[in-house]
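# Build me a model:
(2 chains)
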Amino acid sequence: MKPDDQKITWVREPRLGPTGRSFLPLFVQGLMTTLRHLFRRKQTVQSPETRHASPDPLLYRGVHRLNWDDQGRVKCVACFLCATACPSHCIDIIAAESPWPDREKYPESFTIDELRCIFCGMCEEACPVDAIELTSFYDLSGKSREEMIFDKEKLLSVYDQTKNTEPMRTRRIER
Amino acid sequence: MPQVLIDNREVTIPAGRRLNGIEAARLAGIEIPFYCWHPGLSVVGSCRMCLVEVGTRDPASGKITMQPKLSPACNVLVTDNMVLVTQSEKVARARAMVEEDLLLRHPIDCPICDKAGECLLQDYHFAYGQPERRADIQPFTSRRRDLGDVTLFVDRCVMCSRCIRFAAEISGTHELMVTGRAAHEEIDVMAGYPLNNKLSGNVVDLCPVGALCDKDFLYRQRVWFLRRHAGVCTGCSTGCSIWIEENQERIWRVKPRENPFVNTWWICNEGRYDYPHVHNPRRLRRLTGKPDQLSAARDTDAALAQRHPTAMEIEATGRPVADQALKSPPPSPPRPIEEKSLSQLAGALRGAGRLAAVVSPFLTVEESYLLCKLIRGIDPGALLVLGPVPTAGEDERFAKGFTVRAEKCPNRRGVEAVIAHFVHRVDTFDDLLPRLDRGEVQGVWVSGGYKRDWIDEATARRFERLKLLVVHDLFPSPLSERATYVLPGAAYAERDGSYVNRADRLQSVRRAIRPPVGVWPEGRVYWELLGRKGLYNSDAVLAEVAREISYFSAVVGPVPEVGIDLRANLLARAAERSATV
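Below you'll find the model as predicted:
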């Protein structure tokens, strides 16, 4: 496309008048926003001394948890579907034959690298047995990278800590 | 040549070939689904998945008459003027009905089934099944039954009977059978006679669904994580074509690769479960030498290795990084092979005097050629001998001709041909030993690659008087303890190169995984020692070998997947010679 093409519409910036060139109206306009906020209720929270109101657990995607089933066994069946769906490859599972007669396999080890995780929630969507869920727990920190690799016990303990505030979101069809 | 009309496409059947409907449709690029049929087994036509409409065309008038009933394509021998319809409404309904029937009693436990991802029942359900299930069935856990070498998930079975026919026809051992009738049919073995033969692993590959599972692979990986690489089995001199299936530089299973000239569709259990030695933590991983030999190289090597301390240990145990980092202390650093230490080695070879090289039958053609060239280049009068050829028992021949050879190495013929090019008489390892005792040789390069113990203490002691002993092997042995230099070697899945099997068929493969940190494949070591430019290139070496050695002259250009019969050129040359005489 050449500059003299008929289809091109050339738009020029409007020329500023003397008031505009002094920038005073815009300056006042901007300052008004600041002044307005000075007299409003403050939104800033002094975290971590005071905490945010808990985000909606149905919407928020925070730290993962592994659920227990009603018999106190890890619900996960080690199908690797979360690891398959995971775009950041942060889930690592080692499967083994389950010690229970009604289940075929279970995760011998289940680790999530929380530093690699991008909290997209695809693992939760992929899970066929609702074993992995994202909680609304958001401020996770650790002293080393190794500490942020959560193993099965840690992920199950996240469930214990959050089960009262966030019940299991079972979509299971009735048997 | 017979003309057949398949889905309105004219297909010409090559003369002299007896094809069934499935094979003929493949010629036209049409896929007919099937469970029970297998090109290597007899036809039973029991699964009814390959039902098609069959008819005939009157060659004079061109009038087509169709049979009223559907016929299984696997059991239809295609003849001239036959008409097959595979895409009609009637056929589609029949397929959907078969799929529905199979799924009535299926646990539908795909998420925990090892076959998911390569399961025909899954694939066909999506391709030909009904979108909705009419029966009210819930997923359940399949019953499990131990059949001996493999595990049977009873409820996943679709009763195609491939495994039973395999045990009857190919292995000839007849362990498997059907119990019950109709909807209660199940695969089973006689009490006290488990499935236990050298080919039993093949029933797992044959099983179109997740009923028969390999105990070695069960629960270990999902199949969609695996990448497959064409390989050649180095278990015996048959040299079966295999797929090496790997994920993150770790082999998880080995499967047969179809090759009509070598192994057809099968491999033996020995070859199938041979891969764990690749990941054995006992493997040599570092270049070592007698204290005074390596002093200069050591500091730089150790510093270099310090930077990646955990990679080796992960290879050794197979646990993921996360586990390793948490549970184990950092292992001692390996010392990788380096140009500097290699130049020392080359210097030592030059100063040793009379040299000899033991060329292992586990080396590829290219590697053995480079080794001979290297040793002969340093000492033109060097001895070249064939390494010990491991044998175990007798050749084992099964019902349909599949044979497990007693000679447990992949490339004796290739190595012999290479040695014969350099020294004209192929001496064996046993010929070398008396010469060592007499002190005729001062330096020996022993190439290994042996998977199990191959040399005893007494034989190794006969190498003690040498000035220089270089051992290039997979595992520590009595010989490597006495070596001046120990070089870590690569396993079969880590090499590029070609093998010549006992029937003179040359097969070329690429590596499936990278060797562990600090290990170079043999070919690369020889390449560097010869001072060649660039990276080790097995194709270039093979072309060189084909130019120089007449035995390999049939190799022109890239080697096809099924390999090249080297006898083709040898026969032609023999015929030429006799014609001129």
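# and residue B:507, what does it touch?
B:232, B:239, B:241, B:262, B:498, B:499, B:501, B:559, B:562, B:563 (C-beta atoms under 8 Å, 6 or more residues apart in numbering or on different chains). C-beta here means a position set from N, CA and C on the backbone, and glycine is covered the same way.
# for residue A:34, same thing?
Residue A:34 sits in contact with no residue, where contact means C-beta under 8 Å, 6+ apart.
# So it: helix, strand or coil?
helix (DSSP: H, G, I helix; E, B strand; the rest coil).
# Give me the spatial nearest neighbour of the residue in the stretch 351-500 of chain B that chain A sits nearest to, chain neighbours excluded.
For the stretch 351-500 of chain B, the residue closest to chain A is residue B:493, as judged by C-beta to the nearest C-beta, at 22.2 Å. Leaving aside its chain neighbours, residue B:493 sits nearest to residue B:512 (4.3 Å; criterion: C-beta to C-beta, 6 or more residues apart in numbering or on different chains).
# in what helix or strand does residue B:48 lie?
For residue B:48, there is no host helix or strand (DSSP states H and E).
# right, and the residue nearest to residue B:493 touches residue B:491 too?
No. Taking C-beta atoms under 8 Å as the definition, residue B:512 is not a contact partner of residue B:491, at 9.8 Å.
# Show me which residues of chain A are close to chain B?
By C-beta under 8 Å from any C-beta of the partner chain, the residues of chain A that approach chain B are A:77-81, A:84, A:92, A:94-97, A:102-105, A:109, A:111, A:113, A:128-129, A:146, A:149, A:151, A:173, A:175.
# If any of the residues you listed are buried, give me the PyMOL selection for them.
The PyMOL selection below is limited to those of the residues of chain A next to chain B classed as buried (16 or more other C-beta atoms under 10 Å in any protein chain shown):
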select buried, chain A and resi 77+78+79+80+81+84+92+94+95+103+104+105+109+111+113+128+129+149+151
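# what residues are up against residue B:198?
Contacts of residue B:198 (C-beta under 8 Å, 6+ apart): B:171, B:268, B:269, B:270, B:396, B:398, B:404.
# Which of these fall in strands?
Members of those lying in strands (criterion: DSSP state E): B:396, B:404.
# Which residues are in contact with residue B:405?
By C-beta under 8 Å, 6+ apart, the contact list for residue B:405 reads B:236, B:237, B:238, B:395, B:502.
# What about the residue nearest to the last one when sequence neighbours are not counted, how many residues nearby?
Of all residues not flanking residue B:502 in the chain, residue B:237 sits nearest, at 4.0 Å (C-beta to C-beta, 6+ apart). Residue B:237 sits with 24 neighbouring residues when counted by other C-beta atoms under 10 Å in any protein chain shown.
# correct me, but residue B:237 touches residue B:407?
Yes. Here residue B:237 reaches residue B:407: they are 4.2 Å apart, a contact under C-beta under 8 Å.
# Overlap in contacts, the two.
In terms of C-beta under 8 Å, 6+ apart, residue B:237 and residue B:407 are both contacted by the residues residue B:502.
# Now stretch B:398-417: buried residues?
Buried, per 16+ other C-beta under 10 Å, within stretch B:398-417: B:398, B:402, B:404-405, B:407-417.
# Among those, name the ones in strands.
Secondary structure from DSSP E places residue B:404 of these in strands.
# tell me which element residue A:27 falls in.
helix A:24-38.
# Distance from the chain centre to stretch A:98-106, please.
Between the centre of stretch A:98-106 and the centre of its chain there are 31 Å (C-alpha atoms, centre = their mean, to the nearest Å).
# meant to ask about stretch B:224-242
Per C-alpha atoms, centre = their mean, the displacement of stretch B:224-242 from the mean C-alpha position of its chain is 1 Å.
# again with stretch B:467-479
Relative to the centre of its chain, stretch B:467-479 is centred 27 Å away, using C-alpha atoms, centre = their mean.
# thinking again about what came up before, narrow the residues of chain A next to chain B to those in helices?
A:81, A:84 (DSSP state H).
# For whichever residue of the stretch 101-250 of chain B sits closest to chain A, which non-adjacent residue is closest in space?
Using C-beta to the nearest C-beta, the single residue of the stretch 101-250 of chain B nearest to chain A is residue B:111, 3.7 Å away. Using C-beta to C-beta, 6+ apart and skipping the chain neighbours, the partner closest in space to residue B:111 is residue A:79 (3.7 Å).
# quick revisit: mark which of the contacts of residue B:405 are buried, thanks.
B:236, B:237, B:238, B:502.
# center of chain A, which residue is that?
In chain A, the centroid-proximal residue (C-alpha atoms, centre = their mean) is residue A:61; its distance is 3.2 Å.
# quick one, what contacts residue A:60?
By C-beta under 8 Å, 6+ apart, the residues touching residue A:60 are A:134, A:135, A:136, A:138.
# do residue B:464 as well
Residue B:464 is in contact with residue B:482, counting by C-beta under 8 Å, 6+ apart.
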